[in-house]
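Q: Build me a structure from this.
(chains A and B)
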Amino acid sequence: MGNSRPKLADGFVVFVKRDCPTCELIVPVLEQLYESKILRTIFTQDDTSFPKLPITSDDTSLEVSFSHRIETVPTLLKIQDGIEVDRTVGWSQDTWKAFLNIEDLGPENIRSYSPGCGSLSVDPDLQGMLQKKYGSGLVSREVTFASAEDEFEAMYDRGWSDGLPLIPPTIERVQAMLEGTKRKPDEIITIVPPDLVDLTVEKVAINSVMAGCKPEYLPVVITALETACGDEFNMHGLLATTMPVGPVIFVNGPIRKSINMNSGMNLLGQGNRANSTIGRAVQLTIRNVGGGRPGEVDRATHGSPAKYGLCFAEDEEGSPWQSYAQDQGFSSEQNTVTLFPGEGPRMIVDQLSRSPNELARSLAMGIIGNVHPKLVMGFDAILIIGPEHASRFAEAGWTKEQVNEAIINHSIRETDELIRGADGISEGLPEAFAGSTLPKLRPNGGLIILYGGGAAGLFSATIGGWLSGDKGSIYQTREITL
Amino acid sequence: MTTSILDPTNEQAPEHRERAQRISSLQGATIGLLDISKPRGDVFLDTVQSLLEKKGAIVLRYVKPTFTKPAPVDLRHEISTTCDAVIEALAD
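A: Residues are numbered from 1 along each chain as shown, chains lettered A, B, ... in the order given. Alright, predicted model coming up:
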């Protein structure tokens, strides 16, 4: 990433360009400093014969000027042990005398002050090229806070936060973050709604730093965003809806372990850095790059704490069944991320069922309440079966498919109980559905079963979905690109 | 200490555009009614249509495939090239 800054020899060096009246003005001064051997080097930005002195050095490539962040010409630097210890900008006879510690400087009649001109190395037209060639390789605008500004408050003031503090995305931190992926910073990974902006790896890295991610989480964040912003997942709709949903993210494969994700006790809660920051990085990117902010395009009536970012891993090692990713045809060595349009999680308690059939019936009843008990088929669900519940099924030899099918079958309702007006409640299905039966969840895909949670507790957790299918959002699994 | 950080936003400024010319009369004007596919939006638009027609407007009806996604670009193009004005109805 980028080149190291060219070292300067100890002593005084100055940066000039011919196309600067101040630099022209001080040519006699530079000649005097050369003759008295005070000045070591003159870096010229636009004309190698200006000034015509043996110590004039070609910086028409602007490498030295750019690397030393020269903003004005002339700028005089003092170098000690290869490091800049002081600089003065523009021409001021008194300042230069003090800076160089000499009594007489320049002809008697020289103008004593002239502010100088802009350095070619800060020419906006050249920034992209210079950044690429000599800079960090990053093209995002650099924002410099004033010395009296608190950077944490300043980031809040600019509207970049989800309400929680952000880690300042310094160039060094962003560069370190980018080490987490093999992708190039300028690669465009997707178009992010609602503003439909090209999303680069660099912008994802900046927002991932702010969210608190470690570099090794970056591939998960990038693949999650690629998935979220695809037409099928419909992130635009998730943002714009009045319902309290966001992209719920879960991870399968060896990367869960290598980045220390939590798939056990409190997997949906606080306390694990990867779980807590990956989803947050996704949401911050959508906020800051896509422009998706609450109260603007995000119209959620109540929202949900899950919208800070809900991310967890499946406990593949503890599960009596193969992983969700394997169910989808991925191998156990492949890393995947799945995005589901969902609300926050809710517990289903059943401490008394002992047979698999009664537990399936019980879990179905728990899910029937999602969104509204009288609304069926339109909303998928995740069920995270806890270890104690899962063992009821495993001990009886039930496969995951059997569990899934049994829960959906037990969720079948008489539609007479669901139509508008039934039970004295207007909400419900249109009258035309009367006299039939329908399951709460659509068969073949309406229920995602995962395994996870702490060893103790006869509970499972459900995450209710948003409008399923091509009218709303289709949940997606993708292999993580490192 | 001075801190420099990288801008996390898209760094884009919205383009300023003038509003389209307002229509001065409904008489003979072509008005598009865009149903976003929310339940009962059609009921609302039926009423709007009859009110507009009483005032001499020619009404054309359009439907978005789903309320969860922006209107397809072809539909937006058709409305903008066919109609003098459009009313987009959001109802529940």
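
Q: how much space between the residue in chain B that chain A sits nearest to and residue A:236?
A: For chain B and chain A, the shortest gap (CB to the nearest CB) falls at residue B:68, measuring 3.3 Å. Bear in mind the C-beta positions are built from the backbone N, C-alpha and C, glycine included. Residue B:68 sits 8 Å away from residue A:236, going by CB to CB, to the nearest Å.

Q: if we can go back for a sec, what about the residue of chain B closest to chain A, how many residues close to it?
A: Neighbour count of residue B:68, defined by other CB atoms under 10 Å in any protein chain shown: 21.

Q: Over to it. Which of the three states is it?
A: Following DSSP: H, G, I helix; E, B strand; the rest coil, residue B:68 is assigned to coil.

Q: which parts of the stretch 351-482 of chain A sit against chain B?
A: A:467, A:470, A:471, A:472, A:473 (CB under 8 Å from any CB of the partner chain).

Q: ok, and the most crowded of those?
A: In terms of neighbours by other CB under 10 Å, those top out with residue A:473 at 29 neighbours.

Q: Now do the same contact list for that residue.
A: Taking CB atoms under 8 Å, 6 or more residues apart in numbering or on different chains as the criterion, residue A:473 is in contact with A:232, A:233, A:234, A:237, A:238, A:341, A:465, A:466, A:467, B:68.

Q: Residue A:288 too?
A: By CB under 8 Å, 6+ apart, the contact set of residue A:288 is A:160, A:203, A:207, B:8, B:9, B:10.

Q: what's the answer for residue B:23, then?
A: Residues near residue B:23 by CB under 8 Å, 6+ apart: B:29, B:84, B:85.

Q: Let me know how buried the first one is, in neighbour terms.
A: Going back to what we said before, that points to residue B:29. Neighbour tally, residue B:29, other CB under 10 Å: 17.

Q: Nearest residue to it in space, please, no chain neighbours.
A: Excluding the flanking residues, the one nearest residue B:29 by CB to CB, 6 or more residues apart in numbering or on different chains is residue B:84, at 4.6 Å.

Q: I figured that neighbour was touching residue B:27, is that so?
A: No - Residue B:84 is beyond contact range of residue B:27, at 11.2 Å (criterion: CB atoms under 8 Å).

Q: re the thing from before, of the contacts of residue A:288, which is the nearest to residue B:37?
A: Closest approach to residue B:37 among the contacts of residue A:288 (CB to CB): residue B:10, at 29.6 Å.

Q: now the strands: where do they sit in chain B?
A: Here chain B has its strands, by DSSP state E, at B:4-6, B:30-35, B:58-63, B:85-89.

Q: Export the ones you listed to CSV and append columns for distance to residue A:188, mean pLDDT and mean neighbour count.
A: Converted to CSV, the strands of chain B look like this (distance: least, CB to CB, whole Å; pLDDT from 0 to 100; neighbours: other CB atoms under 10 Å in any protein chain shown):
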stretch, distance to residue A:188, mean pLDDT, mean neighbour count
strand B:4-6, 17, 93, 21
strand B:30-35, 32, 95, 20
strand B:58-63, 33, 96, 16
strand B:85-89, 31, 87, 16
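
Q: secondary structure element for the closest residue to residue A:59 other than its chain neighbours?
A: What sits nearest to residue A:59 in space, not counting adjacent residues and going by CB to CB, 6+ apart, is residue A:43, at 4.1 Å. Secondary-structure assignment from DSSP states H and E places residue A:43 in strand A:39-44.

Q: what packs against that strand?
A: Applying 3 or more CB pairs under 8 Å, 6 or more residues apart in numbering or on different chains; DSSP states H and E, one finds that strand A:39-44 makes contact with strand A:11-16, helix A:27-35, strand A:56-58.

Q: is it possible to export the ones you listed to JSON lines including mean neighbour count, mean pLDDT and distance to chain B?
A: Compiled in JSON lines, the helices and strands packed on strand A:39-44 are given as follows (neighbours: other CB atoms under 10 Å in any protein chain shown; pLDDT from 0 to 100; distance: least, CB to the nearest CB, whole Å):
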{"stretch": "strand A:11-16", "mean neighbour count": "23", "mean pLDDT": "96", "distance to chain B": "20"}
{"stretch": "helix A:27-35", "mean neighbour count": "17", "mean pLDDT": "96", "distance to chain B": "30"}
{"stretch": "strand A:56-58", "mean neighbour count": "15", "mean pLDDT": "96", "distance to chain B": "28"}
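
Q: To residue A:357, which of these lies closest?
A: strand A:11-16 (81.6 Å).

Q: With only the CA atoms kept, save the closest one in PDB.
A: Listed next in PDB are the C-alpha coordinates belonging to strand A:11-16 (Å, rounded to 0.1, in the frame of the first residue of the first chain):
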ATOM      1  CA  GLY A  11      19.400  20.800   6.900                       C
ATOM      2  CA  PHE A  12      17.100  23.300   5.300                       C
ATOM      3  CA  VAL A  13      15.200  22.500   2.100                       C
ATOM      4  CA  VAL A  14      12.700  24.600   0.200                       C
ATOM      5  CA  PHE A  15       9.900  23.900  -2.300                       C
ATOM      6  CA  VAL A  16       9.200  26.400  -5.100                       C
END
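
Q: and the direction of it versus that of strand A:39-44, what angle?
A: Interaxial angle of strand A:11-16 relative to strand A:39-44 (axes from the mean of the first three to the mean of the last three CA atoms, to 10 degrees): 20 degrees.

Q: how distant is strand A:11-16 from the center of its chain?
A: 41 Å (CA atoms, centre = their mean, to the nearest Å).

Q: Partner strands of that strand, with direction?
A: Take DSSP bridges as the rule and strand A:11-16 pairs in its sheet with strand A:39-44 (parallel), strand A:75-80 (antiparallel).

Q: before we move on, back to that, nearest to residue A:437, out of the helices and strands packed on strand A:39-44?
A: Evaluated over the helices and strands packed on strand A:39-44, closeness to residue A:437 peaks at strand A:11-16, with 81.8 Å, by CB to CB.

Q: Compute the inter-axis angle for that closest one and helix A:27-35.
A: Strand A:11-16 runs at 150 degrees relative to helix A:27-35, counting by the same axes, to 10 degrees.

Q: Just name whatever secondary elements the very next helix or strand once past strand A:11-16 is in contact with.
A: Next in sequence after strand A:11-16, counting helices and strands by DSSP H and E, comes helix A:21-25. Judged by 3+ CB pairs under 8 Å, 6+ apart, helix A:21-25 is in contact with strand A:113-114, strand A:117-118.

Q: now with 6 Å?
A: In terms of contacts (3 or more CB pairs under 6 Å, 6 or more residues apart in numbering or on different chains; DSSP states H and E), helix A:21-25 is packed against no helix or strand at all.
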